[in-house]
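1. Provided below are the primary sequence and the corresponding predicted coordinates.
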Amino acid sequence: MILLDGNHTSSVIRKEIQVKVTQFCQNDVRSPHLAAVLIGDNPASQTYVRNKIRACEEVGYASTLIRKPATITQEELLYIIKSLNDDPQIDGYIVQLPLPRHIDEHAINLAINPEKDVDGFHPYNFGKMALGLPSFHPATPMGIMMLLDRYQIETDGKHCVVLGRSNIVGTPIALLMSKKTKPGNATVTIAHSRTNQLKEICQRADIIIAALGIPMFVKSDMVREGAVVVDVGINKMDDPGSARGYRLVGDVDFPNVAPKTFAITPVPGGVGPMTITALIENTWKAFYKKW
Ligand SMILES: NC(=O)c1ccc[n+]([C@@H]2O[C@H](COP(=O)([O-])OP(=O)(O)OC[C@H]3O[C@@H](n4cnc5c(N)ncnc54)[C@H](OP(=O)(O)O)[C@@H]3O)[C@@H](O)[C@H]2O)c1
């Protein structure tokens, strides 16, 4: 069984980006600059943003964190977005989700300049991705594609079952896997909470990409021998034995599924770090095309 190591692959790719930054950003050329907007005090969001800022430092990017309380109005947030759109020093930025309920996520998304939309959530970029045109791809699916590529996992002609149809993971990864690309060219089935005979569908999969948000949902009897399993899930499970009182598990029952697979991602250390690396890669693209 091959462990698809997102930590190792990320560090290799980030090193490559760091080298490009060092070579390109000399004399009068400034470094790439990523901004992050963090609203409220959701602990998971704080951790994600902190990791993104750390990754910027690792590769030599400048970064800016804009923190606002959860009481911010939509108009105030739209004003911040306009300032980021207008600032020539900012190459790309993200608005960390989820947003407080009184803010219309779609309106915020639409206000982001697609040229700076390094999360790839703007309909302009999503549409271009669907058409197979160059665009920013959403970070998690892009990170998965980069991981499959680096490990040279064969996807051509394979049956890929995607569990989940969210706009940030399930739907875009299904699109990317079905495109005439490498990796890609898979025959894709998208499953969701209304799917019948899910176990039988999974049993016919060469590749399973699990993005449901249900801890250890994918069991050993759902996976055929030699399958490739990508676990996107990040779930907290009570663990009184650990210092934090919990541990992170994925959407796959890793201990029982892993021995049957040809390759599998761990949680943590699989898709998570690749998501941040994809964001770093998108920021490089946003920066580089200006010069
Ligand atoms: N590693 C990373 O960087 C990263 C990034 C993003 C998300 N995640 C993790 O990935 C997981 C999914 O995230 P998300 O944002 O895509 O979640 P989401 O928006 O809650 O979507 C979950 C999807 O799973 C489907 N689903 C729920 N129960 C199901 C069942 N019993 N059988 C089949 N499908 C079922 C839902 O179907 P319906 O559409 O029918 O409701 C929905 O499409 C979460 O654990 C999240 O924390 C990780």
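-> Okay, I see it.

2. residue 169 contacts residue 141, correct?
-> Yes: with contact defined as CB atoms under 8 Å, residue 169 and residue 141 form a contacting pair (6.4 Å). Where C-beta positions appear, they are placed from N, C-alpha and C, glycine not excepted.

3. those two: which is more packed in?
-> Using other CB atoms under 10 Å as the criterion, residue 169 and residue 141 rank with residue 141 on top: 29 against 26.

4. wait, the more buried one touches residue 164, no?
-> No: applying CB under 8 Å as the test, residue 141 and residue 164 come out as separate, 11.2 Å apart.

5. work out the gap between stretch 123-132 and the centre of the chain.
-> 16 Å (CA atoms, centre = their mean, to the nearest Å).

6. what's the burial count for residue 255?
-> 9.

7. now do the same for it: helix, strand or coil?
-> Local secondary structure at residue 255 is given as helix here, using DSSP: H, G, I helix; E, B strand; the rest coil.

8. could you measure from it over to residue 242?
-> As judged by CB to CB, to the nearest Å, residue 255 and residue 242 stand 16 Å apart.

9. which residues of the stretch 101-250 of the chain fall in strands?
-> Applying DSSP state E, counting those that start in this stretch to the stretch 101-250 of the chain gives strands spanning 159-163, 187-191, 207-210, 228-231, 235-238, 246-249.

10. from the contact counts, what lies against the last one?
-> Of the remaining helices and strands, those touching strand 246-249 by 3 or more CB pairs under 8 Å, 6 or more residues apart in numbering; DSSP states H and E are strand 235-238.

11. any idea how far the ligand is from the residue nearest to residue 187 when sequence neighbours are not counted?
-> Closest residue in space to residue 187, ignoring its immediate chain neighbours: residue 159 at 5.2 Å, by CB to CB, 6 or more residues apart in numbering. Distance from residue 159 to the ligand, counting by CB to the nearest ligand atom, to the nearest Å: 17 Å.

12. contact partners for residue 159?
-> 186, 187, 189, 204, 205, 206, 207 (CB atoms under 8 Å, 6 or more residues apart in numbering).

13. can you give me the pLDDT of the fourth one?
-> Looking at residue 204, its pLDDT is 98.

14. and the first one, by the same measure?
-> What the model reports as pLDDT for residue 186 is 98.

15. got the contact list for it?
-> Contacts of residue 186 by CB under 8 Å, 6+ apart are 155, 156, 157, 158, 159, 160, 177, 178, 206, 207.

16. what residue in the stretch 1-150 of the chain comes nearest to the ligand?
-> residue 140 (4.1 Å; CB to the nearest ligand atom).

17. now that residue, nearest residue through space, not along the chain?
-> Nearest to residue 140 is residue 275, by CB to CB, 6+ apart, at 4.6 Å.

18. so that neighbour, which state does it fall into?
-> Under three-state DSSP, residue 275 comes out as helix.
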